[in-house]
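Visitor: With the sequence up front, the predicted model follows.
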Amino acid sequence: MKNSFRNILIALVVLVVLAVAASFWKAEKKLPNLDYSTFVAQIADDEITKVTMQDGKIEATDKFGRQFITYAPDIKTILDRLEEKNISITTRAPIPMSSPLAPLFFLMIMGVWMYLMMKQKKGGTLDKKKTEITPEKSIDVTFDDVAGIPEAKEELVEIVECLRDATKFTKLGGRIPKGVLLQGPPGTGKTLLGKAIAGEAGVPFFYMSGSDFVEMFVGVGASRVRKLFEKAKKNAPCIIFIDEIDAMGRSRGGAQAQGGQDEREQTLNALLVEMDGFKSDKTVILVAATNRPDVLDPALLRPGRFDRQVTILPPDVKGREKILQVHGENLKLCHDVDLKIVAKSTPGFTGAELANLMNESALLAARQNKDCISLDDFENAKDKILMGAERKGMVISYEEKQVTAYHEAGHALIAEILPDADPVHKITIIPRGRAMGVTMQVPLDDRHSYTREYLLARVMTLLGGRTAEEIIFNQLTTGASNDLQTATEIATKMVCEWGMSERLGPRAYVTSDQGFLGGDSAKRSYSAQTAQTIDAEINKIIEDCYQQTMILLDGKIGYLHKLAEVLLENETIDAEEVNIILKCKEIGKFNEKIMRLK
Ligand code: ADP
Ligand code: ZN
């Protein structure tokens, strides 16, 4: 089969060469050549009657009707001579540089395309590079590099021991675990943990992504799975790490009857067969990572397969400090930098985001030729990560700036007034990313669940921007679209997921945008009438919050002006300044209770 390929390619090349040669031959052979000085002499002797010029090439006809070709070294002088003798001149458009190459390119593209087509037809077996599965032999990541998730590490220590010495576990008749499923949001260190297991045990590490197995052509994924296990067994003991296993391990027979369904099912079946098949004398341990354990096929989670499941959540404040320490080891921090403070101000950050924060801070400090990384650099790097980079070059009119200032002041004032809202961390009207301005709130502690009051405060804070614009300028702008979207999302979840509407009660209503679980659960499980009530309840939350926001801002309009004024002047205000402007103590007095929704 391979030879026929080469033959086709060779035939193509020969064709191309012939085509190019033919085109040259055609152009050159048609007319005889004449040397330039003879040509000039003939002009002088009035023998030339007509010329056709194209670039430097001249086709000339003499008074006997004979034609020939010559090339002019300098067109200007020859033109002068021709004009002097009143010889008729025709010109042709210059030959595009690529013209002899154009068919060549065309044929080459055709050739490559045909090559790819043929390769795909063969089910990718020719695609050596992609199926070539090579393990990383010496991993230098250890458990010390993974910080802040001690529970997960504990669960995995046993796996390391199995890999080091399986007999310790098997001599009593025990079964070595085959699969470990690490589940958690992206960036929480799942891949890192997988590598650390291999590093600690000193075994080879096979890395594959679930999407590597998902191909257009039926059977390719399955054959890749078989090859992977074949290779792994040869390298046992070892670790196979499958990232984003949900790409191949989605539950079978769902309603998503798209193409590729068959292929995925076959791939998944192959994986299950391989997992069941390998014997305990070969220690091959599968570690898979996913942030969507809910979509996995239940067959994957059965005993003997991925029966160990470790959940990894974003680290708490102590964990964050440890991760920062790990990544700060090789960085030069100023003496006043306390990573505890940095950890405190980064709730919700994952390991990857903390690593990124460290790196960004180091880059910012380096850009300013500093000797060490200061707390300021951390603060700026955090702003950049959370709010996007500043867009310094953007030209904004004063009017626009004014509207933005009041908009952000509205957000901030509402957040400061409401006791349940997260305190304001920073306000800025410097455009960042796609936003004209940003009001950043940072919770005091890590939050794990939210109260109804908190959520309402959040919706009101979001509406605060637009309301302020309305009060001050009596006009609406498009700047609030993102706020409105988020506010609506929160209100929808309150009603449909969290059972926070009194009229609808503590019941979950699955809406269509949650249909990712597959067709069945995406079906609406309530009547059209209920749908109307849901809509009404969502509207009511938004409307009530809006009215309340209006009243609050109207009552504190002096503070709104003050905040906007300072913003216009300084462009950025931090928490401390907000407190000073709002005379924090005094504002504590008007901690209004949120109107309870009926
Ligand atoms: P995931 O696989 O969960 O998406 P990764 O393991 O790829 O996340 O994490 C990306 C990077 O983030 C790691 O290479 C590491 O630098 C950093 N990181 C994530 N979690 C931790 C952690 N717990 N301790 C130290 N570094 C971490
Ligand atoms: Zn806004």
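Guide: Thanks, I have it. Ligands and ions are numbered 1, 2, ... in the order given.
Visitor: where does the residue of the stretch 101-250 of the chain found nearest ligand 2 land in three-state SS?
Guide: The minimum distance from the stretch 101-250 of the chain to ligand 2, using C-beta to the ion, falls at P185 (25.6 Å). Every residue, glycine included, has its C-beta placed from N, CA and C. Under the three-state scheme (DSSP: H, G, I helix; E, B strand; the rest coil), P185 adopts coil.
Visitor: now do I285
Guide: I285 - assigned by three-state DSSP - is strand.
Visitor: Near it, how many other residues are there?
Guide: A count of nearby residues for I285, using other C-beta atoms under 10 Å, gives 27.
Visitor: F68 now?
Guide: F68: 17 neighbours (other C-beta under 10 Å).
Visitor: what's the helix or strand encompassing it packed up against?
Guide: Element membership of F68 [criterion: DSSP states H and E] is strand 67-71. Judged by 3 or more C-beta pairs under 8 Å, 6 or more residues apart in numbering; DSSP states H and E, strand 67-71 is in contact with helix 36-44, strand 57-62.
Visitor: Just the residues contacting the first one, thanks.
Guide: Read it as helix 36-44. 48, 58, 60, 62, 70-73, 78, 81-82, 85, 87 (C-beta atoms under 8 Å, 6 or more residues apart in numbering).
Visitor: go on, the shortest one?
Guide: The set of residues external to strand 57-62 that reach it, using C-beta under 8 Å, 6+ apart, is 31, 34, 39, 42, 47-53, 67-72, 78.
Visitor: re earlier: would you format the helices and strands packed on strand 67-71 as JSON lines with mean pLDDT, mean neighbour count and distance to ligand 2 included?
Guide: Output for the helices and strands packed on strand 67-71, formatted as JSON lines (pLDDT from 0 to 100; neighbours: other C-beta atoms under 10 Å; distance: least, C-beta to the ion, whole Å):
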{"stretch": "helix 36-44", "mean pLDDT": "83", "mean neighbour count": "15", "distance to ligand 2": "76"}
{"stretch": "strand 57-62", "mean pLDDT": "84", "mean neighbour count": "18", "distance to ligand 2": "67"}
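Visitor: Counting neighbours, show which residues of the helix or strand harbouring L552 come out buried.
Guide: L552 belongs to helix 528-555 when assigned by DSSP H and E. Of all the residues in helix 528-555, those buried under the rule 16 or more other C-beta atoms under 10 Å are 533-534, 537-538, 540-542, 544-546, 548-550, 552-553.
Visitor: Enumerate the residues of the protein near ligand 1.
Guide: Proximity of the chain to ligand 1 is confined to 146-149, 186-192, 289, 323, 326, 351-352, 355 under the rule C-beta under 6 Å from any ligand atom.
Visitor: rerun that using 8 Å as the cut-off
Guide: 145-149, 182, 184-195, 243, 289, 291, 312, 315, 319, 322-323, 326-327, 350-356 (C-beta under 8 Å from any ligand atom).
Visitor: Show me the protein divided up by domain.
Guide: Domain assignment for the chain by automatic domain parsing gives 2-91, 130-311, 317-385, 398-597.
Visitor: and the two most separated of the contacts of helix 36-44?
Guide: D62 and P73 (20.8 Å; C-beta to C-beta).
Visitor: Was I right to think the residue of the stretch 101-250 of the chain closest to ligand 2 contacts T350?
Guide: Yes. Between P185 and T350 there is a contact under C-beta atoms under 8 Å: 6.3 Å.
Visitor: And those two? Which one has more around it.
Guide: T350 (22 against 13).
Visitor: For the residue lying closest to that one once chain neighbours are set aside, which residues are in contact?
Guide: Leaving aside its chain neighbours, T350 sits nearest to G187 (3.8 Å; criterion: C-beta to C-beta, 6 or more residues apart in numbering). By C-beta under 8 Å, 6+ apart, the residues touching G187 are 350-353.
Visitor: check whether stretch 457-464 contacts ligand 2.
Guide: No. Stretch 457-464 stays clear of ligand 2 (C-beta under 5 Å from the ion), getting no nearer than 7.0 Å.
Visitor: Could you tell me how far that stretch lies from the centre of the chain?
Guide: From the chain centre to the centre of stretch 457-464 is a distance of 29 Å (C-alpha atoms, centre = their mean, to the nearest Å).
Visitor: who's in contact with the residue of the chain at minimum distance from ligand 1?
Guide: Going by C-beta to the nearest ligand atom, ligand 1 is nearest to G351 of the chain, at 2.0 Å. G351 sits next to 147-149, 187-189, 192, 314-315, 323 when contact means C-beta under 8 Å, 6+ apart.
Visitor: Show me which of the contacts of strand 57-62 are buried.
Guide: Counted by 16+ other C-beta under 10 Å, the contacts of strand 57-62 give 34, 39, 42, 47-48, 50-53, 68-70, 72, 78 as buried.
Visitor: Between these, which sits nearest Q441?
Guide: Nearest to Q441 out of the buried ones among the contacts of strand 57-62 is M53 (C-beta to C-beta; 74.7 Å).
Visitor: What strands line up against the helix or strand harbouring that closest one, and which way round?
Guide: Using DSSP H and E, the element containing M53 is strand 48-54. Note on strand 48-54: by DSSP bridges, its sheet partners are strand 57-62 (antiparallel), strand 88-91 (parallel).
Visitor: Report all helices and strands that the helix or strand just after the last one contacts.
Guide: Proceeding N to C from strand 88-91, the next assigned helix or strand is helix 102-121, under DSSP H and E. Packing partners of helix 102-121 (3+ C-beta pairs under 8 Å, 6+ apart): helix 2-29.
Visitor: So for the helix it packs on, mean pLDDT?
Guide: In this model, helix 2-29 carries a mean pLDDT of 63.
Visitor: Likewise for stretch 193-208?
Guide: Rounded mean pLDDT across stretch 193-208 is 91.
Visitor: And it, what's buried?
Guide: Under the neighbour-count criterion of 16+ other C-beta under 10 Å, stretch 193-208 has 193-201, 203-208 buried.
Visitor: rewinding a little: backbone torsions only: list them for the residue nearest to T350.
Guide: Per-residue torsions, G187: phi 80, psi 10 (degrees, to the nearest 10).
Visitor: Wait, V337 touches K370, no?
Guide: No. V337 lies out of contact with K370 (C-beta under 8 Å); the separation is 11.9 Å.
Visitor: Near ligand 2, which residues of the stretch 351-500 of the chain are found?
Guide: Counting by C-beta under 5 Å from the ion, the residues of the stretch 351-500 of the chain close to ligand 2 are 465, 483.
Visitor: low-scoring pLDDT stretches of the stretch 351-500 of the chain, where are they?
Guide: Within the stretch 351-500 of the chain, the stretches with pLDDT under 70 are 444-447.
Visitor: in it, which spans are helices?
Guide: 351-367, 375-387, 398-417, 452-473, 481-496 (DSSP state H, counting those that start in this stretch).
Visitor: before we move on, the earlier item: and the contacts of G351, which are buried?
Guide: Of the contacts of G351, these count as buried by 16+ other C-beta under 10 Å: 147-149, 187-189, 192, 314-315, 323.
Visitor: Save the residues you listed as a markdown table, and put in distance to ligand 2 and secondary structure too.
Guide: Below are the buried ones among the contacts of G351 laid out as a markdown table (distance: C-beta to the ion, whole Å; DSSP: H, G, I helix; E, B strand; the rest coil):
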| residue | distance to ligand 2 | secondary structure |
| --- | --- | --- |
| A147 | 36 | coil |
| G148 | 33 | coil |
| I149 | 35 | coil |
| G187 | 26 | coil |
| T188 | 29 | coil |
| G189 | 33 | coil |
| L192 | 36 | helix |
| P314 | 25 | coil |
| P315 | 29 | coil |
| I323 | 31 | helix |
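Visitor: how far away is N359 from F378?
Guide: Noted for N359: a distance of 11 Å to F378, by C-beta to C-beta, to the nearest Å.
Visitor: With A491 instead?
Guide: 35 Å.
Visitor: Likewise for Y509?
Guide: 43 Å.
Visitor: And these two? Which one has more around it.
Guide: Counted by other C-beta under 10 Å, Y509 and F378 do not tie: F378 has more neighbours, with 25 against 19.
Visitor: Would you check that the more buried one makes contact with L339?
Guide: No. The pair F378 / L339 is not scored as a contact, 9.0 Å apart, by C-beta under 8 Å.
Visitor: Nice, that's everything, thank you.
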